[in-house]
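Visitor: got a predicted structure here, sequence first:
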Amino acid sequence: MERNLAYVEESVVEDDVLLDARERATELGAVPVPASVGAVLSMYAQMLGARAVVEVGTGAGISGLWLLDGMREDGTLTTIDSEPEHQRAAKEAFRTAEIPPARTRLINGRALDVLPRLADGAYDLVFVDAAPMEHPLYVEQGVRLLREGGAIILHNALLGGRVPDQSQRDPATQAVRAATRAIAENPELTSVLIPIGDGLLCASRG
């Protein structure tokens, strides 16, 4: 099983722009999504014909680059991060990738302060790569933002194997479990947990 997962993680090849962004992420200590997760994000954005995407956790711009790769050419990525240095690195990555400035809206701030100001039902895709302790609140806000047929995706849904291990009862693990239950129990959502990266919980709104 581990060999299969390693093969999946290594199956996606990134270009020089993404590799350079990964170097900046390492320098900043901003842990990026692996390439396999990025490829899934791009695929979701493409399948949805995404024009409006919200990202919680800009990091050094790696997941943003993957999302933009799959989005429509007239689409806009709204990406939120509380660390100005992360967003400066992301801007550099977007510039290097020759992404037109009008296609990105970088908001510096706490996501749970920013998300309530965004419009209901106005987004095709919401991606969350942020503090696991706040996952239940991100689910609540993210589902509100989705149009019918849109999708919410949360990274860190397995927390290094802690979530499926019922002996683990720490607050972060409990919070991720609560977010997973909230999605599973929402009759408007159809969900799947994909074991790539640190676990990718994907749900579409019917």
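Guide: Arrived safely, thanks for sending. Residues are numbered from 1 along each chain as shown.
Visitor: I'd like to know how many residues surround residue 47.
Guide: Residue 47 has 13 neighbours, counted by other C-beta atoms under 10 Å. All C-beta spots, glycine's among them, are computed from the backbone N, C-alpha and C.
Visitor: actually residue 96, not the one I typed
Guide: Quick note: residue 96 (other C-beta under 10 Å) scores 15 neighbours.
Visitor: residue 162 now?
Guide: Considering only other C-beta under 10 Å, residue 162 is surrounded by 17 other residues.
Visitor: relative to residue 174, how far out is it?
Guide: Distance of residue 162 to residue 174, given as C-beta to C-beta, to the nearest Å: 10 Å.
Visitor: got it, and residue 203?
Guide: Distance from residue 203 to residue 174, by C-beta to C-beta: 20 Å.
Visitor: more crowded one of the two?
Guide: The residue with more neighbours, out of residue 203 and residue 174, is residue 203; 26 against 16, by other C-beta under 10 Å.
Visitor: secondary structure element holding the residue nearest to the more buried one when sequence neighbours are not counted?
Guide: Nearest residue to residue 203 in three dimensions, chain neighbours excluded: residue 191, at 3.9 Å (C-beta to C-beta, 6 or more residues apart in numbering). Assessed by DSSP states H and E, residue 191 sits inside strand 189-194.
Visitor: after that strand, heading C-terminal, what element do we hit next?
Guide: strand 200-205.
Visitor: what angle separates that following strand from strand 189-194?
Guide: On the basis of axes from the mean of the first three to the mean of the last three C-alpha atoms, to 10 degrees, strand 200-205 is oriented at 160 degrees to strand 189-194.
Visitor: pull out the buried positions in the helix or strand hosting residue 37.
Guide: Using DSSP H and E, residue 37 sits in helix 35-48. Buried residues in helix 35-48, defined by neighbour count with 16 or more other C-beta atoms under 10 Å: 35-42, 44-45, 48.
Visitor: now the residues you listed in CSV, with pLDDT and distance to residue 54?
Guide: Shown next, in CSV, are the buried residues of helix 35-48 (pLDDT from 0 to 100; distance: C-beta to C-beta, whole Å):
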residue, pLDDT, distance to residue 54
35, 95, 22
36, 95, 22
37, 97, 17
38, 97, 17
39, 97, 20
40, 97, 17
41, 98, 12
42, 98, 16
44, 98, 13
45, 98, 12
48, 98, 13
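Visitor: looking at those, which one is closest to residue 55?
Guide: Comparing the buried residues of helix 35-48 against residue 55 with C-beta to C-beta places residue 41 closest, at 9.0 Å.
Visitor: wait, the closest one sits on residue 127?
Guide: Yes - taking contacts as C-beta atoms under 8 Å, residue 41 lies within contact range of residue 127: 6.1 Å.
Visitor: thank you, goodbye.
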